[in-house]
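Novice: curious how this folds, go ahead:
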Amino acid sequence: MFRYLKKHVSRYAEEVAEVLAPTLRTPQEEFKFYWTTVSDLLTNKATGVSDADGERDDDDDADEADKVFAYLERMLDMLLKEEDEIDGMGPCMEFMLQSGVLKQLVHCGQFKWPTGIMGHVLNFFGGLLADIKQTPMIPDKHVYGPLKNLMLVHVATPGLVDQNQEASIAFLVALCDKLGQFPAYADFFIQTKQDAPDVFLPAAILQSLLLSEDEAIAVSARDCLRVVLQMGSPTVDAIVIQSGMESAFIVQHFVRLYAALPPHFDGDEIQVHTMEWSESEYDGWKRFSSAKHASTPDDARAFFEFMDWLHFCDDVMESCSDKLAAHLVGDIVSRFFVTQLVPMLTQQSEEVAYATTCYLTACVTQISSPVFLRGVASFLLGPPSQTQADSPTISPTESEASEKVCGLLVQRCDDISDELSAATLHLFSRLLHKRDQSIIDALVLKHAASNAPPPVAALRRAMHAMADRFTAEMPDNLRTDEDDISYKEHFIDAQKSVLESRRLGLLINANSSGASPDTGNMAETDDTGPNFDDDDDAEEGGGEGPASPTQTVDAFDLDGTPVEIDNPCPSPFLQVLARKLRQLPNQPHSLNLLITANYAALLEFPSPVLQSVMLTRSEHSLFAAFSAVCQELRSKSARIDNVEARLQEEREKLATLLQAETLHQMSKSLQAMIVLEEFSKEVAARLIVQCNEILLDT
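Specialist: Numbers count the residues shown, from 1 in each chain. Below you'll find the model as predicted:
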């Protein structure tokens, strides 16, 4: 009875002392009192020292554990309050640093009592790093030393991070935020050994947290990984490249997420979900922590999660060093794309090949990092003839696999299945719209007879002459727009037309503003058309020839004399495109639009060598295929009664039903005539735009 009363009287006296402490002690004395109490409790418990009467019970342990946790929280609150009230280092902060409080705290965090003490130690360090702004803490040896020891304890103790996941990730988020602001501090946390590779301790602790089943923790861990990879520290980059742990996790996560994708996802659904993913309110890779996505269907959610991870990696590649980006992309290409996707693409199953092609198209559409794009392009198309400095290294085995993939994809552009053919053409269209030189080199220019640009004057004459030929080749009785075929009207009519006209409108607007057109977004354009210098004689002369879009064209001979550019290019891709263009009257409307979209992207690319290839009048050239299909349509139109009226009616139906996805129900021949009419105007317009750009460049 006496011991019971003594214990409770003593506890009551301590509580009274704590209440009166603010009036009896200075802040520094109070801070010191809290730390001394915490240190004594932890040390006595660890060494087995008991109280004077030699008896303890569970209530005593629970009360003392609560006191330890409460005092640590009060110490942190006092440091934060001190910073708000005092400029620079205050007395509590000075006592903590000079007395080695942090060092002793790391040592106490390894004790087994009280349960969860390491979590509170991590919270204390994390709070200091996150909330102390004025004092540059990390460079102080009394701070970075304990921080490094704290991480070494976690690396050396299996399961310690998993036991304190929430506290560990909060600590790492605060530390990585500091390292992101001051990358030079990263060198403090590199563990070097003579007989082992160097280790960057924050990255080593992240490994288990990245795989956490708690989505919030896993997302925060990826944020930390992003900081590590984008830090820009040459030493850290070298460690990441040497260890390979980070790239291994990135590849493994790609594999896991791709395995969760539905194997027979419809291509149209993938395109819709890609647009939804791109246009939604997007907050980095944290989007799925939001409750508003809880009702997303499983298939769509799996696709969104894969695209989120792709965006994460793309963002990392765009901001990290070129050397690290090339290493990461090389691993992703060799261990994910080659290992996982090549078997999918080469399967005999049309459904699997179709879904894989659609997924690849979604990936290409969203990638913006040049290094990442070139790595994926090298997988799909093979290495270009001239490798750029920041391109990832491709092994002979990977090069052989990519050549096989490219040949297979080109063949599938003319597959017996219109659905698979359309999916493959869409993939090539997305690649070409990236406007990357390595893609053009790998797909077309490495097959060209000459990679030397033609003389500027000859190229401009040839472009004007070819524009004339395209507008003249289309039969007049198959035109559904105004009879005036001046270049000015070609621009304006094509800009207003229904069929794929927005590609041309974006090109015109971008060139008039000096911006680089992004034809993939299909933005709306105004109806005013481009601003040309009118040639009154050509406009009013009626049949004198096409009006000049600029006054400089008058210096060239455009009287119909052939101007030839001879640069044959037996590119398998150009050959299959020409073959598909010749089949225009016998193909679905959606497939025809994809064929012309690929040609449009090629004509848009600002390369004199490519332009010389496109202007060549060989068997597989664009103009030869265009002329052949015009002749076939002219013959078909002669067998159609009242063809002009039916074309107008078909055009109105196309405009009405374009969004209803019922184009396949309409007459293929009439649709092909309308597509060819719009395509002829688009080709002429693009040639003139490129011709004027050549003039500006010179």
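Novice: every contact and neighbour count from this point should use C-alpha atoms.
Specialist: Fine.
Novice: remind me, longest helix of this structure?
Specialist: helix 668-697 (DSSP state H).
Novice: could you pull out the strands for the stretch 551-698 of the chain?
Specialist: Assigned by DSSP state E, counting those that start in this stretch, the stretch 551-698 of the chain shows no strands.
Novice: low pLDDT regions in it?
Specialist: 551-565, 656-666, 694-698 (pLDDT under 70).
Novice: rerun that using 90 as the cut-off
Specialist: Low-confidence segments of the stretch 551-698 of the chain (pLDDT under 90): 551-571, 585-590, 603-624, 630-698.
Novice: residues of stretch 204-212 that come out buried?
Specialist: Ala204, Ile205, Leu206, Gln207, Leu209, Leu210, Leu211 (16 or more other CA atoms under 10 Å).
Novice: from those residues, pick the one nearest Leu76.
Specialist: Distance ranking of those against Leu76, using CA to CA, places Ile205 first at 24.0 Å.
Novice: surely that closest one and His154 touch.
Specialist: Yes. Counting by CA atoms under 8 Å, Ile205 touches His154, with 7.0 Å between them.
Novice: which neighbours do these two share?
Specialist: Residues touching both Ile205 and His154 (CA atoms under 8 Å, 6 or more residues apart in numbering) are Val161.
Novice: in the stretch 251-400 of the chain, which spans are helices?
Specialist: Ranges of helices in the stretch 251-400 of the chain, per DSSP state H, counting those that start in this stretch, are 267-279, 298-319, 322-332, 342-345, 350-366, 370-381, 396-412.
Novice: of these, which is nearest Gly88?
Specialist: When the helices of the stretch 251-400 of the chain are compared (using CA to CA), the closest one is helix 298-319, at 33.8 Å.
Novice: for the closest one, C-alpha coordinates in CSV please.
Specialist: These are the backbone C-alpha positions of helix 298-319, laid out as CSV (Å, rounded to 0.1, in the frame of the first residue of the first chain):
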residue,chain,number,x,y,z
ASP,A,298,-10.8,-2.6,-64.0
ASP,A,299,-9.6,-2.7,-67.7
ALA,A,300,-9.5,1.1,-68.0
ARG,A,301,-7.8,1.5,-64.6
ALA,A,302,-5.1,-1.0,-65.6
PHE,A,303,-4.5,1.0,-68.8
PHE,A,304,-4.4,4.3,-66.8
GLU,A,305,-1.9,2.9,-64.3
PHE,A,306,0.3,1.7,-67.1
MET,A,307,0.1,5.1,-68.8
ASP,A,308,0.9,6.9,-65.5
TRP,A,309,4.0,4.8,-65.1
LEU,A,310,5.0,5.6,-68.7
HIS,A,311,4.5,9.3,-68.0
PHE,A,312,6.6,9.0,-64.8
CYS,A,313,9.5,7.4,-66.7
ASP,A,314,9.1,9.9,-69.6
ASP,A,315,9.3,12.8,-67.2
VAL,A,316,12.4,11.3,-65.5
MET,A,317,14.1,10.8,-68.9
GLU,A,318,13.4,14.4,-69.9
SER,A,319,14.9,15.9,-66.8
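Novice: packing partners of it?
Specialist: With contacts defined as 3 or more CA pairs under 8 Å, 6 or more residues apart in numbering; DSSP states H and E, helix 298-319 has these neighbours: helix 215-230, helix 245-259, helix 267-279, helix 322-332, helix 350-366, helix 370-381.
Novice: how about the contacts made by the nearest residue to Pro139 once chain neighbours are set aside?
Specialist: When the adjacent residues along the chain are set aside, Pro139 lies closest to Tyr185, with 7.2 Å between them (CA to CA, 6 or more residues apart in numbering). Contact analysis of Tyr185 by CA under 8 Å, 6+ apart lists Ile138, Pro139, Leu179.
Novice: quick revisit: wait, which of the helices and strands packed on helix 298-319 is closest to Ala449?
Specialist: Ala449 lies closest to helix 370-381 among those, at 19.2 Å (CA to CA).
Novice: would you mind listing the buried residues in the closest one?
Specialist: Residues of helix 370-381 classed as buried by neighbour count (16+ other CA under 10 Å): Pro370, Val371, Phe372, Leu373, Arg374, Gly375, Val376, Ala377, Ser378, Phe379, Leu380, Leu381.
Novice: and if you look at stretch 178-196?
Specialist: Lys178, Leu179, Gly180, Pro183, Ala186, Phe188, Phe189, Ile190.
Novice: secondary structure element for the second one?
Specialist: By that I understand Leu179. Assigned by DSSP states H and E, Leu179 belongs to helix 165-181.
Novice: can I get the buried residues of helix 370-381 in a markdown table with distance to Leu676 and pLDDT?
Specialist: Shown next, in a markdown table, are the buried residues of helix 370-381 (distance: CA to CA, whole Å; pLDDT from 0 to 100):
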| residue | distance to Leu676 | pLDDT |
| --- | --- | --- |
| Pro370 | 34 | 93 |
| Val371 | 37 | 93 |
| Phe372 | 36 | 94 |
| Leu373 | 32 | 93 |
| Arg374 | 33 | 92 |
| Gly375 | 35 | 91 |
| Val376 | 33 | 92 |
| Ala377 | 30 | 92 |
| Ser378 | 33 | 89 |
| Phe379 | 33 | 89 |
| Leu380 | 30 | 91 |
| Leu381 | 29 | 89 |
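Novice: list just the nearest of these to Val316.
Specialist: Val316 lies nearest to Phe372 out of those, by CA to CA, at 9.8 Å.
Novice: number of nearby residues for the closest residue to the closest one other than its chain neighbours?
Specialist: In this structure, Phe372 finds its nearest non-sequential neighbour in Val329, 5.9 Å apart by CA to CA, 6+ apart. Neighbourhood size, Val329 [other CA atoms under 10 Å]: 25.
Novice: does Val329 touch Gly375 like I think?
Specialist: Yes. In this structure, Val329 is within contact of Gly375 by CA under 8 Å, at 6.1 Å.
Novice: gap between Ala601 and Leu431?
Specialist: The gap separating Ala601 from Leu431 is 9 Å, by CA to CA, to the nearest Å.
Novice: tell me which residues of stretch 75-91 come out buried.
Specialist: Met75, Leu76, Met78, Leu79, Leu80, Glu82, Glu83.
Novice: which one of those residues is nearest Gln347?
Specialist: Nearest to Gln347 out of the buried residues of stretch 75-91 is Leu76 (CA to CA; 60.8 Å).
Novice: you'd agree Leu97 is up against His142?
Specialist: Yes. Judged on CA under 8 Å, Leu97 makes contact with His142 at a distance of 5.7 Å.
Novice: picking that back up, reformat the helices of the stretch 251-400 of the chain as CSV; add distance to Tyr71.
Specialist: As requested, the helices of the stretch 251-400 of the chain are exported to CSV (distance: least, CA to CA, whole Å):
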stretch, distance to Tyr71
helix 267-279, 47
helix 298-319, 40
helix 322-332, 44
helix 342-345, 59
helix 350-366, 51
helix 370-381, 50
helix 396-412, 60
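Novice: winner for burial among the ones you listed?
Specialist: The highest average neighbour count among the helices of the stretch 251-400 of the chain, using mean count of other CA atoms under 10 Å, belongs to helix 370-381 at a mean of 25.
Novice: noted, bye for now.
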